[in-house]
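**Q** Here is a sequence together with a model predicted from it:
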Amino acid sequence: MHINWGALLVVAIVSFGSAVGVVVLIAFALLGLSARAGGTAAGGTAVAGGGSRLGLSPAAGTFVAALCLLAAAVIVGYGLWIIIS
Amino acid sequence: MIVIAVVVTALVFDFTNGFHDTANAMATSIATGALRPKVAVTIAGVLNLVGAFLSVEVAKTISSGLVDDTKVTPAVIFGGLVGAILWNMLTWLFGLPSSSSHALFGGLIGATWVAAGADAVKFGAVVTKILLPAVISPILAGLIALAATYLAYRITARGDQATVSKGFKYGQIVSASMVALAHGTNDAQKTMGIITLTLITAGALPSGSGPPFWVIMSAGLAIALGTYLGGWRIIQTLGKRVSEIQTPQGFAAEASSAAVILASSHGGFALSTTQVATGSIFGAGAGRRLASVQWGVAGQMALAWLLTLPAAAIVGALAAWASSSGTFGTVVVAIVAIAVIAGIYAASKRQPVTADNVNDVPAPTPAPAPAAA
């Protein structure tokens, strides 16, 4: 009975990295898009250091969002490529 | 004669596999309203069909490894399939997301055991290829979904909530589609592998050949049709009875499922898409602060998972024993199986769960979360 723990660890790390990565990227993208909606809706004072991000102009917010979405799309695209090839 | 029976039975199994597993990809999307129920199952069905055509790697691995394939006859495969189908129907009746793959493996193992003796079952491979991934993969998926959900809420807490909720809703459509596609490439192929193996043992195909086009097409269609009809009972369990799921959680759960399934099939680990998806949904439920997770439901599922392999093995063993005796035995097994399936279907009609009422939870479990937490 041979168990390939190394490969198992790689699978764990890769899936953790990609899933959490995509979700975090999308979350930041939505934060960026919130700037367009004048996003001070929910408790802007909550976390220190968060203020600067809320201070984004709509244009900058859109730019951040586009960048994050692009990065997420690359990860998802790679996933698709793995399925197909 | 027996070959035709096996092919038909395999396609029936594929069909039950489809409606059993619609929930994996679509339960949270339906629960959060990201997709309307009918739209969700249509997308899942189509992507399962597409997925069936993308690769045949899994189809090749299914036939080798767990049992000694030189000792397998069409009657054994028939028995194994009957065991798997009956277990799938029973768990569907109770709305439990058990693994269709484990039902299939269990049925085959039981059938091989009675037909060719315990030596023909490779128990070492059963532990490393089935039991170990079954324990690790849902926990891994759950932890990933937990972390992803926590971060998603933490990051977007300062954003515009309408934008955030809508954004994750669109995200869910993509992530659910990825899970459905990954499911198609994995599960449709299990049936293709079975049919191909049967054709090879019957001499209709040369040894070592891949699945012919009609096999890929019919297996893809069977799983797509099953997926489209939707296992609403299981969708309800995963979408509504585990936890109250919001769009960020749904997205995090589906992203985790897709990542784990893809990474492990690329790394050569066979795992149950059902167990991964279930683990993710529990993780996502626990990742939102103050969200309540119905751990009692988790207990029921864990029990069903433990029972799946041995239960399908026992039914598979009985069916293989009877159908090995000849055509008469095969016919008897088929008739009994059809009768049991009809009975389960009739029982399900007493409390039907459909596309229209899937999001209404009739009787939430008596003791809500505070007691269980």
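**A** Thanks, I have the structure now.
**Q** Name the next helix or strand downstream of the helix or strand of chain A with the lowest mean pLDDT, please.
**A** One helix or strand of chain A scores below all others by mean pLDDT, DSSP states H and E: helix A:51-54, with a mean of 48. Scanning forward in sequence from helix A:51-54 by DSSP states H and E, the next helix or strand is helix A:58-84.
**Q** Quick one: check stretch B:260-268 for contact with chain A.
**A** Yes. Using Cβ under 8 Å from any Cβ of the partner chain, stretch B:260-268 comes into contact with chain A via B:Val260, B:Leu262, B:Ala263, B:Ser264, B:His266, B:Gly267, B:Gly268. Any C-beta I mention is one placed from the backbone N, CA and C, and that applies to glycine too.
**Q** The first one and B:Thr22, how far apart?
**A** Taking Cβ to Cβ, to the nearest Å as the measure, B:Val260 falls 19 Å from B:Thr22.
**Q** Of those two, which one has the most company?
**A** B:Val260 (34 against 28; other Cβ atoms under 10 Å in any protein chain shown).
**Q** Low-confidence ranges, the stretch 51-200 of chain B, go.
**A** The model of the stretch 51-200 of chain B has pLDDT under 70 over residues B:56-69.
**Q** What parts of it come near chain A?
**A** Checking the stretch 51-200 of chain B against chain A by Cβ under 8 Å from any Cβ, the hits are B:51, B:54-55, B:124, B:127-128, B:132, B:136, B:140-141, B:143-145, B:147-149, B:151-152, B:155-164, B:167-168, B:171, B:174, B:178, B:181-182, B:185.
**Q** Run through the helices of the stretch 251-373 of chain B in chain order.
**A** B:273-287, B:295-323, B:327-348, B:369-372 (DSSP state H, counting those that start in this stretch).
**Q** Widest-spaced pair of the residues of stretch B:260-268 next to chain A?
**A** Greatest spacing in the residues of stretch B:260-268 next to chain A, by Cβ to Cβ: B:Val260 and B:Gly268 (14.0 Å).
**Q** just to revisit the earlier point, let's have the helices of the stretch 251-373 of chain B in TSV, adding distance to chain A and mean neighbour count.
**A** Listed next are the helices of the stretch 251-373 of chain B as TSV, based on distance: least, Cβ to the nearest Cβ, whole Å; neighbours: other Cβ atoms under 10 Å in any protein chain shown:
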stretch	distance to chain A	mean neighbour count
helix B:273-287	9	29
helix B:295-323	17	21
helix B:327-348	33	15
helix B:369-372	24	12
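**Q** got CSV for those helices, with mean pLDDT and distance to B:Thr73 too?
**A** Shown next, in CSV, are these (pLDDT from 0 to 100; distance: least, Cβ to Cβ, whole Å):
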stretch, mean pLDDT, distance to B:Thr73
helix B:273-287, 89, 29
helix B:295-323, 87, 9
helix B:327-348, 84, 11
helix B:369-372, 38, 48
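**Q** Spit out the contact partners of the residue nearest the centre of chain A.
**A** Central residue of chain A (Cα atoms, centre = their mean): A:Leu25, 1.2 Å from the mean position. Counting by Cβ atoms under 8 Å, 6 or more residues apart in numbering or on different chains, A:Leu25 touches A:Cys68, A:Leu69, A:Ala71, A:Ala72, A:Ile75.
**Q** Could you say which of those residues is surrounded by the most neighbours?
**A** Neighbour-wise, these (other Cβ under 10 Å) top out at A:Ala72, 23 neighbours.
**Q** The closest residue to that one other than its chain neighbours: helix or strand, and which one exactly?
**A** Leaving aside its chain neighbours, A:Ala72 sits nearest to A:Leu25 (4.2 Å; criterion: Cβ to Cβ, 6 or more residues apart in numbering or on different chains). In this assignment (DSSP H and E), A:Leu25 forms part of helix A:5-36.
**Q** Please identify which of the contacts of A:Leu25 is nearest to B:Ile85.
**A** A:Ile75 (37.6 Å).
**Q** Serialize the helices of the stretch 251-373 of chain B to CSV and add fields for distance to B:Ser218.
**A** Below are the helices of the stretch 251-373 of chain B laid out as CSV (distance: least, Cβ to Cβ, whole Å):
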stretch, distance to B:Ser218
helix B:273-287, 21
helix B:295-323, 22
helix B:327-348, 19
helix B:369-372, 45
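**Q** Give me the buried subset of the residues of stretch B:260-268 next to chain A.
**A** With burial judged by 16 or more other Cβ atoms under 10 Å in any protein chain shown, the buried subset of the residues of stretch B:260-268 next to chain A is B:Val260, B:Leu262, B:Ala263, B:Ser264, B:His266.
**Q** can I get these in a markdown table with pLDDT?
**A** Formatted as a markdown table, these follow (pLDDT from 0 to 100):
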| residue | pLDDT |
| --- | --- |
| B:Val260 | 90 |
| B:Leu262 | 83 |
| B:Ala263 | 83 |
| B:Ser264 | 80 |
| B:His266 | 74 |
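**Q** mind putting those residues in CSV, distance to B:Leu93 included?
**A** Below are those laid out as CSV (distance: Cβ to Cβ, whole Å):
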residue, distance to B:Leu93
B:Val260, 28
B:Leu262, 31
B:Ala263, 33
B:Ser264, 30
B:His266, 35
